[in-house]
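Visitor: Next come a sequence and a model predicted from it.
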Amino acid sequence: MKSLSPAQRQYLKGLAHALQPVVMIGTHGLTPAVLKEIERSLAAHELIKIKAAADAAETRRAWMAEICTAAGAVPVQQIGKMLVIYRPAAKPVIALPA
């Protein structure tokens, strides 16, 4: 997927504010089971929050990059231990601004 414009990123951040995390990355890290659950959640919701248990910011940044690469998604935001990613569905529900 292509990258998001600043206006699109800001719009998605606003939508994500009210969301609860649907996937949690635990102490075992980014396992195939976690990636599978992220894939399932993206297919259902397009925009998801992920809670990461790692204390190291570098680890969370690496996970964000790996998740986006594996799922074909784009990063929206990372605040602390919360990661927000977006991938449009075949029939997008979220209409992004131009």
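Guide: All right, it came through fine.
Visitor: right, and residue 76 touches residue 10 too?
Guide: No: with contact defined as Cβ atoms under 8 Å, residue 76 and residue 10 do not form a contacting pair (9.6 Å). (C-beta placed from N, C-alpha, C; glycine too.)
Visitor: which residues in the protein form strands?
Guide: For the chain, applying DSSP state E gives strands covering 23-25, 47-52, 74-79, 82-86.
Visitor: so what does the second one touch, helix or strand wise?
Guide: Spelled out, that is strand 47-52. Contact partners of strand 47-52 among helices and strands, from 3 or more Cβ pairs under 8 Å, 6 or more residues apart in numbering; DSSP states H and E: helix 6-16, strand 23-25, helix 32-45, helix 57-71, strand 82-86.
Visitor: Can you spell out which residues form a bridge with the residue nearest the centre of the chain?
Guide: Nearest residue to the geometric centre of the chain (Cα atoms, centre = their mean): residue 85, 2.1 Å. Assessed by DSSP bridges, residue 85 has beta-bridge partners residue 48, residue 75.
Visitor: pLDDT score for it?
Guide: Turning to residue 85, the model gives it a pLDDT of 97.
Visitor: Format the strands of the chain as TSV; extra columns: distance to residue 17.
Guide: TSV is the format used below for the strands of the chain (distance: least, Cβ to Cβ, whole Å):
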stretch	distance to residue 17
strand 23-25	18
strand 47-52	10
strand 74-79	10
strand 82-86	9
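Visitor: Please name whichever of these is nearest to residue 15.
Guide: In terms of Cβ to Cβ, the element of the strands of the chain nearest to residue 15 is strand 47-52, at 5.9 Å.
Visitor: Quick one: mean pLDDT for the closest one?
Guide: pLDDT averaged over strand 47-52 gives 97.
Visitor: Outside of it itself, list whatever touches it.
Guide: 12, 15-16, 19-25, 38, 41-42, 59-60, 63, 67, 76, 81-86, 94 (Cβ atoms under 8 Å, 6 or more residues apart in numbering).
Visitor: Could you do stretch 4-15 as well?
Guide: Under Cβ under 8 Å, 6+ apart, the answer for stretch 4-15 is 47, 74, 76-77, 84, 86, 94, 96-98.
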